[in-house]
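>>> sharing a sequence plus its predicted fold:
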Amino acid sequence: MTVLIAGCGDLGTQAGLGFAESGHRVVGWRRSPGKLPAQIEGVPVDLTGDLPPIPSDTDVVVIALTADGRTEAAYRATYQDGTANLLDALARDGVVPRRIIFISSTAVHGNDDGGWVSEDSPPAPSTATGAVLADTEKMLAERAPQSVLLRLSGIYGPGRTRLIDQVRSGKVSRGAPHWTNRIHRDDAAAAIVHLAGLDAPAPAYLGTDAEPALLSDVQEFLAAEMGVQLQAGAAPDPALPATGKRCSNALLGSTGFRFAYPTYREGYRAVLQGSGVRHP
């Protein structure tokens, strides 16, 4: 069985290593394939251009793209146009994979009142980039009904230290209490491999850990772990209404998936201890 990973960056590479460990042939498409580990067959590809032949025995396709910027135009060129181009190439070559896994985002759920969302919550993106992802999801459902959407929350892990660096400086700004959702890179990659092996998956899953958390709680945890004193007056104002959303991973958990890092505490401790590497 061949697994094709279109967009073999940090997350795609980690997932590819998981597939390879299970004994599958893994082909990784990216613009700079020379950076891929030996377990993944790298092919130089720009998804917006002409695409190479797709192996005839491709059973699983993982679409894990990264836009060149956070603009609507960049997202549309990468996600919607790139995915459409890939579907055209599959049709051109007569390849019908058993499963297509599209890496989307919980941003398609635009809730910002601190409430809970799940796969049953209708997409209601509040940003132009989220709307592009929702449009791409709809296209996949129409053109490739075997697709499974994995809507990931904020990915953190090796080399992703923006919040750690912010807290280490001791300077954090706060206003209203803000709910956040996270998933460790390794758990996100493991979820991709897991969903590829399910017999009858749901059309979509929220890929997020087991504990939505207030941003201030995560900041205070990191400060305590690093022995950092946060600046005075950094606490959120409880009189203000909460923002953000709380994402449920109950459906993913019901499939038997188990998180290596079920909350931000285990995950960030691993990052602070230097566990793992970020793939270039």
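Looks like it came in fine.
>>> now the helix or strand containing Asp186: average pLDDT?
Assigned by DSSP states H and E, Asp186 falls within helix 185-196. For helix 185-196, the mean pLDDT works out to 98.
>>> alpha carbons of the next helix or strand after it, as PDB, please.
Per DSSP H and E, the first helix or strand lying C-terminal to helix 185-196 is strand 204-207. This file holds the C-alpha atoms of strand 204-207, laid out as PDB (Å, rounded to 0.1, in the frame of the first residue of the first chain):
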ATOM      1  CA  ALA A 204     -15.100  14.900  10.200                       C
ATOM      2  CA  TYR A 205     -13.200  14.900  13.500                       C
ATOM      3  CA  LEU A 206     -12.000  17.700  15.800                       C
ATOM      4  CA  GLY A 207      -8.300  17.000  16.500                       C
END
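>>> number the chain from 505, please
With the count now opening at 505, the last piece we talked about shows up as strand 708-711.
>>> now strand 708-711: average pLDDT?
Averaged over strand 708-711, pLDDT sits at 98.
>>> and that strand, what does it pack onto?
strand 651-656, helix 689-700, helix 754-758 (3 or more Cβ pairs under 8 Å, 6 or more residues apart in numbering; DSSP states H and E). Any C-beta I mention is one placed from the backbone N, CA and C, and that applies to glycine too.
>>> in its sheet, what does the helix or strand just after that strand sit against?
For strand 708-711, the following helix or strand on the C-terminal side (DSSP H and E) is strand 717-718. Strands adjacent to strand 717-718 in the sheet, as given by DSSP bridges, are strand 682-684 (antiparallel).
>>> contacts for the strand it pairs with next, please.
Contacts to strand 682-684, defined as Cβ atoms under 8 Å, 6 or more residues apart in numbering, come from residues 618, 658, 716-720, 722, 740, 746-750.
>>> where's the dip in pLDDT among these?
Minimum pLDDT for these is recorded at Pro740 (72).
>>> what residues are up against that one?
Taking Cβ under 8 Å, 6+ apart as the test, what Pro740 contacts is Arg678, Gly679, Ala680, Pro681, His682, Leu718, Leu719, Ser720.
>>> select only the buried ones of those in PyMOL?
Of the contacts of Pro740, the buried ones go into a single PyMOL selection, burial set by 16 or more other Cβ atoms under 10 Å:
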select buried, resi 678+681+682+718+719+720
